[in-house]
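Enquirer: Structure, please.
(2 chains)
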Amino acid sequence: MAYFLLPAWAASDSKYDSLRLYTEALFEVSQKYVWPKQEEDLIYGSLRGMMNSLDPDSSFLTAKEYQQYLHGRKDIPAEAGVVLIVKKNLLTVVSVIDGSPAFRAGLEPGDHIIKLNGHMVRNLTTQEATRRFQGAPHTKLKLQVLRNGEVKPLDLTVTLEPLALNTVTTQYLEHNVAYIRIRYFNNETPGELTSVLKNIRKHQPPVKGIILDLRNNARGTMEDAVRTASLFLGNQKVLLAKGRSTKSEESFQGKDRDLIFKTVPPIVVLVDHGTARAAEIMAGALRDQARATLLGAKTLGLCGLTKAFPLEDGSALVMTVSECYTPKGEKIQGKGLEPQVPGQTPKDEKAQGKAAPKKMTPDQDPWVQQAVDLLTSGKSKRVAQKEQAS
Amino acid sequence: MMLRKSWLWGGVALFLGLALGWSFTGPAAVFGQNPNLPVAARSLSASLFPSPVSDAKLKVFAQALALIEEQYAEPKPTKDLVYGAIQGAVGTLDPHSSFMTPEEFRELQIETKGKFSGIGIEITLKDRILTVVSPIEGTPAYQAGLKPGDQIVKINGALTKNTTLMEAVKKIRGPKGSKVVLTINREGFQKPKDFVITRQIIPIRSVKARILDDGIGYIRLTNFQDQTDHDLQAYLKKMKQRLVPFKGLILDLRNDPGGLLEQAVRVSDEFLPSGLIVYTEGRNRGQNMRFYARAGQEGKVATVPMVVLINEGSASASEIVAGALKDQKRALILGTKSFGKGSVQTIIPLEDGSALRLTTALYFTPSGVTINEKGIHPDVVVEEKKPPAEKSLKKLRDEILTRHMRREGLTDKPWNQPITPEELDKDPQLQRAVEVLRHWPPKNLAQQRPAPQK
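Expert: Okay, here's the model as predicted:
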């Protein structure tokens, strides 16, 4: 076996040292830990830890999990309706889908889940954690949650349910501004948004602008994003994906016939820390290609393309092999998009330190009001142009 | 529990470093294993020859590592990957086992040694501004005239805006005799002023004391490090001279997360004439140890009536002391149930300066009780004053910080300044302890053997 290992190990001194460090650590644990430990647990724990140290989308799959992965995603009968990531070993809520069971239970973006059904959450990958929030309808999950600004952990109970299907809602605000909310992306989203945009196109008097609310939206694939963005962009570039080698660079775009508007109305895209994946791609594309203004807070920066790699013993790695860039080449993965217009923070003390406000109607939502002001004062375009010039 | 600690330490990030409240929960039994062990040679053979981890499994790991190095979206240093892997492996163990990067390990060494080279200030980020909490008396920072509330605008000319506390601590520390320039903004200054301060060895005090008018002494231990027993002895000696007669002693172990096992034994020994203090049992015989009190040492206070204060923040080493004094019926234990951490961690340095903190044994009180997950139950239950529920975490922290900055905390005052009735009013547990000692021996406590009066 030494001859198998040597090529990988002997590649350089530092690699060799690192591997030696690993075996040293494992040796100490196997010899001295107070309770005997299965070596498979340790190795699989290592692989989980190593994948976690890369990014939240990279994961380790046991042989069984890999088989499930290969047979394709079965429809999820019921779920909590959250997007979670493991960040610095903490299971963190990135977004909570509007109206979902988790939403109604009071879970908020930024919450850390420390206990699940009475067990400490430890050493999970993002994928495993996500699976635990799916299951049969009516399954109850007991969560203990650490929230910024709260002295004590909160106990919440979430009952799994099938997610309501529609992902897009719309309404007209004052001054003929159309407000579109996308809760999350799935393969129905482009179709839903098509009918919404066609209605907006017909609206009389013509709309002054569109507010596209992509806050608290971290679910959706690259394909969903490309198809949805092409409704605004036709066959213009939606994103670039770059991997390890320059050869792996790819650009993605939709079809010209998908385009709804001949002239795209001014757009303000609302983003925040819960904006990730498809929503991030969409925000970056609209900003770069349709002069949309991003308003709110910095996005999460989670936007990679993954691939599975089987290992010798039947287990597998799911690994980010390329990362998203906006059409103009700004890296999204690991960085996030900075909005051109920061959202105003509420001044009164009560609201401060609290995470995203509970569901408000758009008229009560200060960032929506800010967006309406931008669109009606005509500042939106100027901001976007200035950004381009710099 | 984690929360509890975070609110205690979180606001007032000690000069020890940020990690204190979170990482310093376990006694390190065999601190700094013999560094001369041929670590490299041993682990090399462990990996290339029959080892506890089978070759097949190692091969899977090596394959994974190679895949990441070839295919991951961007290059990653192998060392980071291996650190992630070790962290993951240790993550499958109990919650008290962990992996420390070289930086974290150095921090722990400073904490356990009880001294470091620096200028002697506690700092925090107050409203994101690097702020002096308090200069420690007698240190270079104190002599240079730094004051609580001073804002540190620059360290050695570099702006501190957006700095983390850890970075700032690192920059301020340095070798003994070297200089650091702090640019300070203070209310009343026209413009920020430079303070040039020469670094010295700064002791970290883990023992604090006060007295009461009527012959009662109060000692608080904040953790168990190398200097703890030494400092404790010094206070006991001073108290014996000052308090005649020495009618009673309160040992406050509330929110003391623990520390070195050896120090827990020594501290217990100060109060016990003889007998078993604690014993440990591990998987290997080498981890089985028994610790006894030694008879007839100078300075012992083996007969002064004694009350020990504990709460759910008292862990490991604190529980050893409370458990030994309880089992030997040496002290009355008062407060609320302790944390319940009955395991011993050994710090195992790895060859590149990182280290494992590994649970290697469980410990048991003299009567054979494990306190793991059970905790020590007080003889007299007295609840703490609850913070008002409507107050936010931030507000509570700010209040504690402000009190500390104004030197209004119980142990911010000189040790020989008697505790006032107002101070007692704020702390129902301490107040009750004083009452018990004033009416010693306690009635209604069948299990409590009256301690001999002096």
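
Enquirer: touching chain B at all, the helix ranked longest in chain A?
Expert: Identified as the longest helix of chain A according to DSSP state H is helix A:13-32. Yes. Judged by C-beta under 8 Å from any C-beta of the partner chain, helix A:13-32 comes into contact with chain B at A:14-15, A:17-32. (Glycine included, C-beta is placed from N, CA and C.)

Enquirer: Now the element after that helix, going C-ward?
Expert: helix A:39-52 (DSSP states H and E).

Enquirer: following that following helix, which helix or strand shows up next?
Expert: strand A:59-61.

Enquirer: what residues does the stretch 201-350 of chain A put near chain B?
Expert: Contact residues (C-beta under 8 Å from any C-beta) of the stretch 201-350 of chain A with chain B: A:242-244, A:304, A:307, A:309, A:311-313, A:315, A:317, A:319-323, A:333.

Enquirer: Mind checking which of these are in strands?
Expert: Among these, the ones falling in strands (DSSP state E) are A:Lys242, A:Gly243, A:Gly304, A:Lys307, A:Phe309, A:Leu317, A:Met319, A:Thr320, A:Val321, A:Ser322, A:Glu323.

Enquirer: now those residues as TSV including pLDDT and neighbour count?
Expert: Listed next are those as TSV, based on pLDDT from 0 to 100; neighbours: other C-beta atoms under 10 Å in any protein chain shown:
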residue	pLDDT	neighbour count
A:Lys242	93	20
A:Gly243	90	20
A:Gly304	91	25
A:Lys307	92	12
A:Phe309	96	17
A:Leu317	96	25
A:Met319	95	24
A:Thr320	94	25
A:Val321	94	18
A:Ser322	93	22
A:Glu323	94	21
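
Enquirer: Which one of those residues is nearest to A:Lys64?
Expert: For A:Lys64, the closest of these turns out to be A:Leu317, at 15.1 Å, with distances computed as C-beta to C-beta.

Enquirer: Do I have it right that that closest one meets B:Val60?
Expert: No. At 10.3 Å, A:Leu317 and B:Val60 do not qualify as touching, with contact defined as C-beta atoms under 8 Å.

Enquirer: Can you report how many residues neighbour B:Glu422?
Expert: A count of nearby residues for B:Glu422, using other C-beta atoms under 10 Å in any protein chain shown, gives 7.

Enquirer: a helix runs through it, doesn't it?
Expert: Yes. The assignment for B:Glu422 is a helix, going by DSSP: H, G, I helix; E, B strand; the rest coil.

Enquirer: Which pLDDT value belongs to it?
Expert: Looking at B:Glu422, its pLDDT reads 91.

Enquirer: now it: how far from B:Lys79?
Expert: In this view, B:Glu422 and B:Lys79 are 55 Å apart by C-beta to C-beta, to the nearest Å.

Enquirer: now swap in B:Pro442 and tell me
Expert: Computed with C-beta to C-beta, the distance linking B:Pro442 and B:Lys79 is 58 Å.

Enquirer: B:Pro192 now?
Expert: In this structure, B:Pro192 and B:Lys79 are 40 Å apart, going by C-beta to C-beta.

Enquirer: try B:Ala209
Expert: Distance from B:Ala209 to B:Lys79, by C-beta to C-beta: 46 Å.

Enquirer: Next: A:Asp155.
Expert: Separation of A:Asp155 from B:Lys79 (C-beta to C-beta): 40 Å.

Enquirer: what's the answer for B:Gly215, then?
Expert: With C-beta to C-beta as the criterion, B:Gly215 and B:Lys79 are 59 Å apart.

Enquirer: more crowded one of these two?
Expert: Of the pair B:Gly215 and B:Lys79, B:Gly215 is the one with more neighbours under other C-beta under 10 Å, namely 19 against 16.

Enquirer: Now do the contacts for the residue lying closest to that one once chain neighbours are set aside.
Expert: Leaving out its chain neighbours, the residue that sits closest to B:Gly215 by C-beta to C-beta, 6 or more residues apart in numbering or on different chains is B:Lys247, at 3.7 Å. Going by C-beta atoms under 8 Å, 6 or more residues apart in numbering or on different chains, B:Lys247 touches B:Asp214, B:Gly215, B:Ile216, B:Val304, B:Pro305, B:Leu437, B:Trp440, B:Lys454.

Enquirer: What of B:Val267?
Expert: B:Leu221, B:Phe224, B:Thr228, B:Asp229, B:Leu232, B:Ala317, B:Val321.

Enquirer: Out of these, which is nearest to chain A?
Expert: Relative to chain A, the closest of the contacts of B:Val267 is B:Ala317; by C-beta to the nearest C-beta it sits at 17.5 Å.

Enquirer: for chain B, which helix is longest?
Expert: Of all the segments assigned as helix in chain B under DSSP H, the longest by residue count is helix B:55-71.

Enquirer: Run the chain-centre distance for the next helix or strand after that helix.
Expert: Following helix B:55-71 in sequence order, the next helix or strand is helix B:78-91 (DSSP H and E). Here helix B:78-91 shows a centroid-to-chain-centroid distance of 26 Å under the convention C-alpha atoms, centre = their mean, to the nearest Å.

Enquirer: For helix B:78-91, output the C-alpha coordinates as PDB.
Expert: Once side chains and other backbone atoms are set aside, the C-alpha atoms of helix B:78-91 remain, and they are given as PDB (Å, rounded to 0.1, in the frame of the first residue of the first chain):
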ATOM      1  CA  THR B  78      -2.700  20.900   2.500                       C
ATOM      2  CA  LYS B  79      -2.300  22.000   6.100                       C
ATOM      3  CA  ASP B  80      -5.700  23.700   6.200                       C
ATOM      4  CA  LEU B  81      -7.300  20.500   4.900                       C
ATOM      5  CA  VAL B  82      -5.500  18.400   7.500                       C
ATOM      6  CA  TYR B  83      -6.500  20.800  10.200                       C
ATOM      7  CA  GLY B  84     -10.100  20.500   9.000                       C
ATOM      8  CA  ALA B  85      -9.700  16.700   9.000                       C
ATOM      9  CA  ILE B  86      -8.300  16.500  12.500                       C
ATOM     10  CA  GLN B  87     -11.100  18.900  13.700                       C
ATOM     11  CA  GLY B  88     -13.600  16.600  12.100                       C
ATOM     12  CA  ALA B  89     -12.100  13.500  13.700                       C
ATOM     13  CA  VAL B  90     -12.000  15.100  17.200                       C
ATOM     14  CA  GLY B  91     -15.600  16.300  16.500                       C
END
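
Enquirer: Having no further points to raise, I will conclude here.
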